[in-house]
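Asker: Fold the following, please.
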Amino acid sequence: QVQLVESGGGLVQAGGSLRLSCAASGRTFNTYAMGWFRQAPGKEREFVAAINWSSSSTRYADSVKGRFTTSRDNAKSTVFLQMNSLTPEDTAVYYCAGGPGGLGSIRLGTVDYWGQGTQVTVSS
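Answerer: Next up is the predicted model:
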């Protein structure tokens, strides 16, 4: 069993930055690919970023490419999402997720575990 707990959300002005963290419990974290998703009010949850277990490969949604960076520290069982140049369109609840599949599976939301989410609000 793996539990995922996100933190680092909050209110930021447009153009600002936030760094989200997702702390995992459970021994399987280091073998899992991890992903970030977000859901804005009235919209479906969408893929944001993913990273494989060894950090050798990442994927990003086109809407965040060049602005967001995901990384992980397996020694601390934590995955990060650095978000720069934020815009009001980035306002959403952000979720981390993990699963044993590849980045393609993560991108489709085929994961075993989800976090509870953390709110990110970007003001104009």
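Asker: measure stretch 49-60 end to end?
Answerer: 4 Å (C-alpha to C-alpha, to the nearest Å).
Asker: oh, I was asking about stretch 28-43
Answerer: First-to-last residue span, stretch 28-43, C-alpha to C-alpha: 31 Å.
Asker: Please enumerate the strands of this structure.
Answerer: Ranges of strands in the chain, per DSSP state E, are 3-7, 10-13, 18-25, 33-39, 46-51, 58-60, 68-73, 78-83, 92-99, 113-114, 118-123.
Asker: would JSON lines of those strands with distance to Ile106, mean neighbour count and mean pLDDT be doable?
Answerer: For the C-beta atoms, the positions are set from N, CA and C on the backbone; glycine is no exception. JSON lines is the format used below for the strands of the chain (distance: least, C-beta to C-beta, whole Å; neighbours: other C-beta atoms under 10 Å; pLDDT from 0 to 100):
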{"stretch": "strand 3-7", "distance to Ile106": "13", "mean neighbour count": "17", "mean pLDDT": "96"}
{"stretch": "strand 10-13", "distance to Ile106": "25", "mean neighbour count": "13", "mean pLDDT": "98"}
{"stretch": "strand 18-25", "distance to Ile106": "13", "mean neighbour count": "19", "mean pLDDT": "97"}
{"stretch": "strand 33-39", "distance to Ile106": "4", "mean neighbour count": "25", "mean pLDDT": "97"}
{"stretch": "strand 46-51", "distance to Ile106": "4", "mean neighbour count": "23", "mean pLDDT": "98"}
{"stretch": "strand 58-60", "distance to Ile106": "8", "mean neighbour count": "18", "mean pLDDT": "98"}
{"stretch": "strand 68-73", "distance to Ile106": "11", "mean neighbour count": "19", "mean pLDDT": "98"}
{"stretch": "strand 78-83", "distance to Ile106": "11", "mean neighbour count": "23", "mean pLDDT": "98"}
{"stretch": "strand 92-99", "distance to Ile106": "6", "mean neighbour count": "23", "mean pLDDT": "97"}
{"stretch": "strand 113-114", "distance to Ile106": "11", "mean neighbour count": "18", "mean pLDDT": "95"}
{"stretch": "strand 118-123", "distance to Ile106": "18", "mean neighbour count": "17", "mean pLDDT": "98"}
